[in-house]
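[1] any chance you can model this:
(2 chains)
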Amino acid sequence: MTSKLTYEDLNLPNYRNTRNVFANLDVSDAFKAGVISALNILAIGGPGTAKTTLMSDIHNTYFNGNKREGGEGVLIRCNPEMDLYNEIFSELDIAKAQRNLTDNIEALLFRADEVNRAPTKTQNQLLALGDGDMDYKGKSIKLGRDGYLLLLATANMGNGRFTGTFDIDPAMYDRMHIVIDLDHYCPTQEDHFVLDNREANPRVKDAPRKDLTQKIIQASKEIARETINPGLEAKAVIDYIRHGLANCMLNAEEGKTSKKGREWPMRCSDCKFNSAKSALCSYIMNSSGRRVTESVIRYAAALQFIAKLKDPEVKIDTIDLMFKSFELVGAYKGVLNPNILAQEYYGNNSLLMSTAVEKLKADFRSNYDYILSSFQEAHEGRALVKFFNHNGKLGDYNSLSQEAKDKHRIMPSEPYTDKREIGMGWMNNRIDYEIKNRATANPANSEKKK
Amino acid sequence: MKNTHILGDSDNNRISRYDKDLARKLNEETEKQIRQEEIERRKRELEEKRKKKIKENEVLPSPGTETSPITLPTISPLSLDFKYAFFLGGEFGKQINEKVQEIYGFTESISKVIYDDQNRVVTGSTPFYVTAVNEIFQEQYLQFRTATQADLEKIIKSYALDLRGKYEDTSLVLRKKQNPNVYVAEDLFDQFKSRDLHLKEDSAYVIPLFTLKLRKDDSSEYKLSFDITDSTIQNYFEAPILLSTSGGYFNSVEMDEKIGLPTTVYFTEVAEFRKLGTRDSGLVRLFLGRSLVISSYDESLSGCFNDGRIVIVSNEDPSKLGVNIK
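    Residues are numbered from 1 along each chain as shown, chains lettered A, B, ... in the order given. Prediction:
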């Protein structure tokens, strides 16, 4: 029986970056979380930011090195002429005059170094790795083993743009669930002081080999189970990200759909709801599809897992956790206003994402009491959407008598509206869903009061 | 709050500002405030009316709680005033008691009332005993009579006697030809009928004890029955307020002073309000209870306890009548 993963198991022998990311987690931990959650990671940064050292540490210390040498990893050095199919996944059987699949399809880790050294057309070959699915002679071959597969990639970036040869295909970003900018999340000065005490060697240091694959797979499955029902708070944040960020008051006023469309963010600079040029809805939009939000949940579970491994007593605030996960997952998913990114943040996705997420979190928290109490009431079969405020407490406005309303001059608060920068109208549907779902699970207890 | 999230720590929870009971508490508080304001308003209204000298037959307003217009009798001896009030006691009380016991002491309804030598006061009370005392007064002491319910309210208001901790019988309440006390009830209905007064059999009539006489009656479980008199006809009255649900509360300032009963009954407890005990059938006693409860609920006409008192009222100073009441 495989023993459980410990924090010490995950020690990276050569890479050091203790810059704090969240709670008791540093940058190294953020990568560890990606590994154990089987979320593909792209590390970007200027030359010399130790991206390759980091990837090499993971490749050797977690996955025991190369597949051909008894390990579970496959190294791909990206270049314009790379041909993954012929170089990695198949070999020539001269006798049969055909190419056969190699055991590389069972590798658990694919490490693609400097992806932007290959043109986007060539980068497309990596998409299959990102999806965990390869096309072979018209058949679909599942990559990895036991439900686990990890694609680690690096890309050189300097002066706010990709250096090397080519840009990264947006479809590639889609498959790289987590993108960490090591220029933004650079090592601390103390990290450098410590590293100065080691043997000076500008080359990538080789890490001793170790096989943690079984433990990692086990941890990955545990994390997957935690994502089945992440809880009310986490679900509320996800809904907020998914639906709230899609809101566009200008579109709604013009009688169109209230959602941001393809014209975003072109109209934001002239939008009457953005006269101060700081409307949150102009900074960030939702990501279409479910990939981002599912990555957020999974990565959040992994971050919590690592945090608890590191210190079982650490307390993790759910809202902080979910928004931090979104920050790390979403920074390169095309959700940021490219004009603001270029003009005000000089291409620093991580910084703009961090700024936007802080504002989103503050907005979410200002509505949190409403959201939480509505969820609680929904679980008891009641729709609570209209509140009143009395002496610092919130109550159900619809349960107030007319006399009480008149006597205390109580006005209702209706927070679940889309007439705000980040929409909250989705809560009405969510409440209805929770009540209906509760009724389906427990038909005898169903009772709706609005 | 139960653990509502898996990601994150429930111990690190923020306390929601939502109070599930806030609306209910605010509703109750508002209702109380409105009642209080209504009471204050009616107080002011009644005060103004008193100052304007309300006409006898005026019906008091209905505030929407359980109340009823009061029909006053055409002759209103209830407007009998008195200047003096005392507990039956002293040498006078001892003598009256001896005479009552002599005539009616064969029944517990009378014999349980005694003269307390130590405290020099007649202790205990039953409707039969009170009626008997009045019979004696009718023969020898016309200046005296036992108190009505309205008299007791005046006494409370003027602090003429300390009535707390004691009970005093004043009247009978006749409702239906049913138990409790169906025999005596039916007899009274018949007596009224014989005088061409057809009482309703689903109402409540107050018959002051000072207007009645006693009759030995072996068919009665008490060995006694009541006889109505001309004075009864003049002084009885219908009191629909005594048909309200028992256990209600009333404000001492919302009283019909002529009959000594409340005009309005509430069903939410309010500080300093008194209670009204009622029922919906038979014949019972009307008395002022120990905590100034007005009760027309008790079944037994012979129940007697040593904190009962007989309250006597008079327009003349007892001491000047040569009567020793202490």
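[2] which stretches of the stretch 1-150 of chain A have low pLDDT?
    Where the stretch 1-150 of chain A drops to pLDDT under 70, the residues are A:1-2, A:91-93, A:98-99, A:136-137.
[3] need the residues of the stretch 351-450 of chain A near chain B, please.
    Among all residues of the stretch 351-450 of chain A, those adjacent to chain B (criterion: Cβ under 8 Å from any Cβ of the partner chain) are A:368-370, A:372-373, A:375-377, A:387-388, A:390, A:392-397, A:399-401, A:403-404, A:407-408. No exception for glycine: its C-beta is placed from N, CA and C like everyone else's.
[4] buried subset of these as a PyMOL selection?
    A single PyMOL command selects the buried members of these (16 or more other Cβ atoms under 10 Å in any protein chain shown):
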select buried, chain A and resi 368+369+370+372+373+375+376+377+387+388+390+393+394+395+396+397+399+400+401+404+407+408
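[5] point me to the residue of the stretch 151-300 of chain A nearest chain B.
    Scanning the stretch 151-300 of chain A for the residue nearest chain B gives A:G231, at 2.8 Å (criterion: Cβ to the nearest Cβ).
[6] just give me the longest helix of chain A.
    Under DSSP state H, the helix in chain A containing the largest number of residues is helix A:291-310.
[7] quick one: buried residues of that one?
    Within helix A:291-310, judged by 16+ other Cβ under 10 Å, the buried ones are A:292-293, A:295-310.
[8] return the set of buried residues in the helix ranked longest in chain B.
    Ranked by number of residues, the top helix in chain B under DSSP H is helix B:22-52. When burial is assessed from 16+ other Cβ under 10 Å, helix B:22-52 yields the following buried residues: B:22-24, B:26-27, B:30, B:39, B:42, B:46.
[9] what's it packed up against?
    Here helix B:22-52 is seen to pack against strand A:387-390, strand A:393-396, helix A:402-407 when contacts are counted using 3 or more Cβ pairs under 8 Å, 6 or more residues apart in numbering or on different chains; DSSP states H and E.
[10] reformat those as TSV; add distance to A:R209.
    Shown next, in TSV, are those (distance: least, Cβ to Cβ, whole Å):
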stretch	distance to A:R209
strand A:387-390	59
strand A:393-396	58
helix A:402-407	72
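[11] need those in a markdown table with mean pLDDT, can you?
    Below are the helices and strands packed on helix B:22-52 laid out as a markdown table (pLDDT from 0 to 100):
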| stretch | mean pLDDT |
| --- | --- |
| strand A:387-390 | 92 |
| strand A:393-396 | 93 |
| helix A:402-407 | 90 |
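[12] indicate which one of the ones you listed is closest to A:I422.
    strand A:387-390 (18.5 Å; Cβ to Cβ).
[13] which residues touch that closest one?
    Applying Cβ atoms under 8 Å, 6 or more residues apart in numbering or on different chains, the contact partners of strand A:387-390 are A:370, A:373, A:394-397, A:400, A:405, A:408, A:410-415, B:18, B:22-23, B:26.
[14] go on, stretch A:424-442?
    Counting contacts by Cβ under 8 Å, 6+ apart, the residues outside stretch A:424-442 that touch it are A:239-240, A:242-244, A:247, A:258, A:367, A:370-371, A:374-375, A:378-385, A:415-418, A:445-446, A:448.
[15] ok and the residue in the stretch 151-300 of chain B nearest chain A?
    B:T268 (14.2 Å).
[16] identify the residue nearest that residue in space, chain neighbours excluded?
    Setting aside the residues directly before and after it, B:T268 is nearest to B:R35 in space (Cβ to Cβ, 6 or more residues apart in numbering or on different chains), at 6.7 Å.
[17] in whichever helix or strand B:F128 is part of, what's buried?
    Counting by DSSP states H and E, the element that carries B:F128 is helix B:127-140. For helix B:127-140, a neighbour-count test (16+ other Cβ under 10 Å) marks B:127-137 as buried.
[18] closest to chain A out of those residues?
    With Cβ to the nearest Cβ as the yardstick, the closest approach to chain A among those comes from B:P127, at 44.7 Å.
[19] what distance do you get for the closest one to B:K326?
    According to Cβ to Cβ, to the nearest Å, B:P127 stands 26 Å off from B:K326.
[20] contact partners for A:P170?
    For A:P170, counting by Cβ under 8 Å, 6+ apart, the contacting residues are A:G334.
[21] repeat for A:A43
    Applying Cβ under 8 Å, 6+ apart to A:A43 gives the contacts A:31, A:51, A:54-55, A:152-155, A:179-180, A:182.
[22] any of these buried? List them.
    Applying 16+ other Cβ under 10 Å to the contacts of A:A43, the neighbour count classes A:31, A:51, A:54-55, A:152-155, A:179-180, A:182 as buried.
[23] dump the residues you listed to a markdown table, plus distance to chain B and secondary structure.
    Supplementary listing: those in a markdown table, determined by distance: Cβ to the nearest Cβ, whole Å; DSSP: H, G, I helix; E, B strand; the rest coil:
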| residue | distance to chain B | secondary structure |
| --- | --- | --- |
| A:F31 | 20 | helix |
| A:K51 | 29 | helix |
| A:L54 | 26 | helix |
| A:M55 | 28 | helix |
| A:L152 | 25 | strand |
| A:A153 | 27 | strand |
| A:T154 | 29 | strand |
| A:A155 | 30 | strand |
| A:V179 | 22 | strand |
| A:I180 | 21 | strand |
| A:L182 | 26 | coil |
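[24] most widely separated two among those?
    Considering Cβ to Cβ, no two members of the buried ones among the contacts of A:A43 lie farther apart than A:F31 and A:A155, which are separated by 14.9 Å.
[25] domain-wise, how is the chain divided?
    Since you didn't name a chain, this refers to chain A. Structural domains annotated on chain A: A:8-226, A:369-445, as defined by automatic domain parsing.
[26] ah, I was thinking of chain B
    Listed domain ranges for chain B are B:30-62, B:77-314 (source: automatic domain parsing).
[27] out of the ones you listed, point me to the one whose mean pLDDT is lowest.
    Note on those: lowest mean pLDDT is at domain B:30-62, with a mean of 72.
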